[in-house]
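> I need the structure of the sequence given here:
(one chain, ligands or ions: 1)
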Amino acid sequence: MSAPSDKPLLIVFGAGGHGRVAADAALCSGAFRGVVASDRNPAAWGTALLPGVPVLAPEALADLPAPLALHVAIGNNPVRRQEADQLRAGLPQATLSTIVHPHASVAVTARIAPGCLITAQCVIGPLAELGAGVIVNHGAVVDHDCRIAAWAHIAPGAKLGGAVRVGEAALVGAGSTVLRNLHVGRNATLGAGAVLLQDLPDDQAWAGVPARPLQGASA
Ligand SMILES: CC(C)(COP(=O)(O)OP(=O)(O)OC[C@H]1O[C@@H](n2cnc3c(N)ncnc32)[C@H](O)[C@@H]1OP(=O)(O)O)[C@@H](O)C(=O)NCCC(=O)NCCS
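Predicted coordinates:
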């Protein structure tokens, strides 16, 4: 008879499409003894996020058997940060956990903080650093020496050249390109498909090729 697994049970918080991506990556990784989901929306309770991944009410999480891991799977950066703070206060027995899909390529010298999601076909280069709760979405490239601050989102297919810095809670849009050594500011948004040729200031939304400020766009 085999010994019971000492791997944690993973709670994926956020029962939407992004939660499905996180739960799937967690199942593929084999790093957890099981995966459950939760959400604040009562309509999701009792449903399944994926086959075998039930969605529980937040009140039910405290009764789950230890050890527990927690991953906040909400695409909106400020909301993800806020939920992580709130859940960690209410569920101190759960460790904020990073999920790495087995088909991601992560350099052995990369430094990854807790709560990140690194999905399939991503590349994280040598000496790259990811802060807490960063999302590196399908097929994105975070090249050598990049520094991505907490709660930022590198969207599917985005490419960051070497030593790019991305500020806290910034969104680097799907399929965009950031040339090496540039800085994407805190809470900034780079639109889908943009090519960034100069630094993008804090709190601004830029888009296009080459990227320019979007008048009146929401960052
Ligand atoms: C740039 C962005 C934030 C703007 O969103 P918004 O504030 O809602 O702006 P709107 O959709 O009202 O568009 C405003 C203007 O910008 C243009 N625009 C919007 N997104 C653009 C983009 N990615 N590239 C070029 N132009 C863009 C619109 O055509 C519009 O132009 P107009 O005023 O001449 O009609 C958004 O379109 C975007 O690209 N977000 C990134 C999405 C993404 O990659 N998410 C990750 C999913 S996993």
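> helices of the chain, residue ranges please.
Under the criterion DSSP state H, helices of the chain are mapped to 17-29, 77-90.
> buried deepest among the ones you listed, which one?
By mean neighbour count, with neighbours taken as mean count of other C-beta atoms under 10 Å, helix 17-29 ranks first of the helices of the chain at a mean of 21. Any C-beta I mention is one placed from the backbone N, CA and C, and that applies to glycine too.
> okay, the angle between that one and helix 77-90?
Our comparison of helix 17-29 with helix 77-90, counting by axes from the mean of the first three to the mean of the last three C-alpha atoms, to 10 degrees, yields an angle of 60 degrees.
> how's the protein carved up into domains?
Split into domains by automatic domain parsing, the chain comes to 9-97, 98-207.
> mean confidence score for the shortest one?
Put plainly, it is domain 9-97. Domain 9-97 shows a mean pLDDT of 97.
> want to try TSV for the helices of the chain, with distance to the ligand as columns?
Shown next, in TSV, are the helices of the chain (distance: least, C-beta to the nearest ligand atom, whole Å):
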stretch	distance to the ligand
helix 17-29	8
helix 77-90	11
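> looking at the ones you listed, which is closest to Ala163?
Of all the helices of the chain, it is helix 77-90 that lies closest to Ala163, at 22.2 Å by C-beta to C-beta.
> who are the packing partners of the closest one?
strand 68-72, strand 94-96 (3 or more C-beta pairs under 8 Å, 6 or more residues apart in numbering; DSSP states H and E).
> in the chain, which residue is closest to the centre?
Ile135 (2.4 Å; C-alpha atoms, centre = their mean).
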